[in-house]
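A.B. asks: Okay, sequence plus prediction incoming.
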Amino acid sequence: MQKKLTDIMNEDFERFINFIQAVVERPGMFFVNNVEDFSLVILGYRAACSNHSQSYEAVNDFFNNFKGFINKHYGMSEDLDWARLIRFHCVNDFTTLEFLKRKLNEFIAGMV
């Protein structure tokens, strides 16, 4: 079950949401050229949060729910990685980022 954003919102998580929205809005500033690069940025963010268990769990919950959201969008019965699914269904790097931006905004809006 997807948690509501208001249930997990705290200052650190709000900063995380603002950060990922900044990355998808201006990926060139973060050297993000495709969905795989974005996935690596998130991996680094998770590693940085690993010492702060509450923030780490909130970020993990967010992306586990996002993974389910993308799997549901594509009608997948398996639990596949969101970045790989987006890559498989998009034709180039630019469209992976455009699709990611659209779906992340949709997902965040659905959490509110």
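C.D. replies: Structure's in. What do you need? Numbers count the residues shown, from 1 in each chain.
A.B. asks: Torsion angles phi and psi at the nearest residue to K101 once chain neighbours are set aside?
C.D. replies: Closest residue to K101 apart from its sequence neighbours, by Cβ to Cβ, 6 or more residues apart in numbering: V24 at 4.2 Å. To be clear about C-beta, it is placed using only N, CA and C from the backbone, and glycine gets the same treatment. With angles defined as degrees, to the nearest 10, V24 sits at phi -70, psi -30.
A.B. asks: V24: how many residues sit nearby?
C.D. replies: 19 (other Cβ atoms under 10 Å).
A.B. asks: Quick one: residues contacting it.
C.D. replies: Residues in contact with V24 (Cβ atoms under 8 Å, 6 or more residues apart in numbering) are F38, L97, L100, K101, L104, N105.
A.B. asks: Kindly provide the distance from it to A58.
C.D. replies: Counting by Cβ to Cβ, to the nearest Å, the separation of V24 from A58 is 19 Å.
A.B. asks: any low-confidence regions in the protein?
C.D. replies: Low-confidence segments of the chain (pLDDT under 70): 1-9, 52-53, 112.
A.B. asks: Mind jotting down where the helices sit in it?
C.D. replies: 5-8, 11-25, 35-49, 53-73, 82-89, 93-111 (DSSP state H).
A.B. asks: got the contact list for the third one?
C.D. replies: Same thing as helix 35-49. Counting by Cβ under 8 Å, 6+ apart, 12, 16, 19-20, 23-24, 27, 30-32, 55-56, 59-60, 63, 82-83, 86-87, 90, 93, 96-97, 99-100 sit against helix 35-49.
A.B. asks: All set now, cheers.
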